[in-house]
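Novice: I'd like to go over a predicted model; first the sequence, then the structure.
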2 protein chains.
Amino acid sequence: MEREIQVSDLLRQHDLKKTPARLTVLRLLSQSGFAVGFAELEQALGELADKVTLYRLLKSFEDKGIIHKTIDPEGFPKYALCQDDCGTHRHVDRHIHFSCTQCKKTSCLPHVSIPTVILPEGYLAEAFQFNISGICKSCALA
Amino acid sequence: MEREIQVSDLLRQHDLKKTPARLTVLRLLSQSGFAVGFAELEQALGELADKVTLYRLLKSFEDKGIIHKTIDPEGFPKYALCQDDCGTHRHVDRHIHFSCTQCKKTSCLPHVSIPTVILPEGYLAEAFQFNISGICKSCALA
DNA sequence: ATACAAATGCAATACATTTGCATTTGCAAG
DNA sequence: CTTGCAAATGCAAATGTATTGCATTTGTAT
């Protein structure tokens, strides 16, 4: 299966061991076109892994730059595979998230680049979180 | 003082009693002009009120439609006075916010305008939440 | 000045996330 | 195919944040 291979490679490329829990999470994330909530991931794991393990594996995926975390406008954390060159180095999201107020789905807008922001003197930027909410394409058509 | 009168009226109009804690919170929110974090409100209150009171007061303001709560992209709740056209809709900030990872304060970057973002076809934007986190001027100097 | 409901403070509770530590497991070297 | 060891996991406990119960205080209409 094509997807399975990709997911395994993803782990190997980042020196992470191939465990059932990790494979399940990555498969779900790669299949979903949207950012996935913690509860959904937990449910997908079922008895496969503890909640703490889920927290930890998500953390390590984040650190490695495999996934990124975003907070939707209602305060729920969502996780998504990093699209492009979210390098293993410093992990800064170079894209904007879009949260649909209707279907509550959060997606990444990979082709919308983050505009350059010039900070006032003395400020030191570490991370950017840009979020736009509104009506997504699917809901707009419905 | 003009602002003081407005704030008192706001309470009276909603059948809420005029207490020091409530006045302090409303004054801060009306002066701020943008969404304020919980920590900042707490600090502004000082010994004036308990943290629990702050939670409860914010909740009652929300219920009455005086303020609304939003979650910033880092997951922290922010509170802002409702505008006339605010209704039940999400608050639209026209600023970029800067969250200091050290002092936890969120400030507005008024001279940094929101860059134009071009959304893909079919997406309809309603609100923007742009946030940059890092070290603020005060903390950088300390 | 008084009375009563609203507002508050403190303690206890409820959840969500993180951390410590002992045990298990993936995987590579032999 | 075994073996060794660091990585990964599970469970318990600690942290952090938000909520609730209840006795006491306070605002305000009378």
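Specialist: Okay, I see it.

Novice: Wasn't residue A:52 part of a helix?
Specialist: Yes. According to DSSP: H, G, I helix; E, B strand; the rest coil, residue A:52 belongs to a helix.

Novice: helix/strand/coil for residue A:102?
Specialist: Strictly by three-state DSSP, residue A:102 counts as coil.

Novice: Backbone dihedrals for it, both of them.
Specialist: Dihedral angles phi and psi of residue A:102 (degrees, to the nearest 10) take the values phi -90, psi -60.

Novice: From residue A:71, how far off is it?
Specialist: Computed with CB to CB, to the nearest Å, the distance linking residue A:102 and residue A:71 is 19 Å. For the C-beta atoms, the positions are set from N, CA and C on the backbone; glycine is no exception.

Novice: quick one: low-confidence parts of chain A?
Specialist: Residues of chain A meeting the criterion pLDDT under 70: A:1-5, A:83-94, A:110-115.

Novice: so what's residue A:6 closest to, chain neighbours aside?
Specialist: Excluding its sequence neighbours, the residue lying closest to residue A:6 (CB to CB, 6 or more residues apart in numbering or on different chains) is residue A:30, at 6.8 Å.

Novice: Around that neighbour, how many other residues sit close by?
Specialist: Number of residues near residue A:30 (other CB atoms under 10 Å in any protein chain shown) recorded here: 15.

Novice: Which of residue A:102 and residue A:71 has more residues huddled nearby?
Specialist: residue A:71 (22 against 12).

Novice: so that one makes contact with residue A:97?
Specialist: No. Using CB atoms under 8 Å, residue A:71 is not in contact with residue A:97, being 9.0 Å away.

Novice: can you list residues touching both of the two?
Specialist: Taking CB atoms under 8 Å, 6 or more residues apart in numbering or on different chains as the criterion, residue A:71 and residue A:97 both touch residue B:73.

Novice: before we move on, the earlier item: is there contact, residue-wise, from the helix or strand that contains the residue nearest to residue A:6 to DNA strand D?
Specialist: For residue A:30, the enclosing helix or strand under DSSP states H and E is helix A:20-31. Yes. Using CB under 7 Å from any atom of the strand, helix A:20-31 reaches DNA strand D at A:21, A:22.

Novice: Can I get that helix as CSV, trimmed to CA atoms?
Specialist: Only the C-alpha atoms of helix A:20-31 are listed here, as CSV (Å, rounded to 0.1, in the frame of the first residue of the first chain):
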residue,chain,number,x,y,z
PRO,A,20,1.5,0.7,16.1
ALA,A,21,0.4,3.9,17.8
ARG,A,22,2.6,6.1,15.6
LEU,A,23,1.6,4.4,12.4
THR,A,24,-2.0,4.7,13.2
VAL,A,25,-1.7,8.4,14.0
LEU,A,26,0.3,9.2,10.9
ARG,A,27,-2.0,7.2,8.7
LEU,A,28,-5.0,9.1,10.0
LEU,A,29,-3.3,12.4,9.5
SER,A,30,-2.2,11.6,6.0
GLN,A,31,-5.6,10.4,5.0
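
Novice: Show the subsequent helix or strand relative to that helix.
Specialist: Heading C-terminal from helix A:20-31, the first helix or strand you meet, by DSSP H and E, is strand A:36-37.

Novice: can you count the residues close to residue A:69?
Specialist: Applying other CB under 10 Å, I find that residue A:69 has 17 neighbouring residues.
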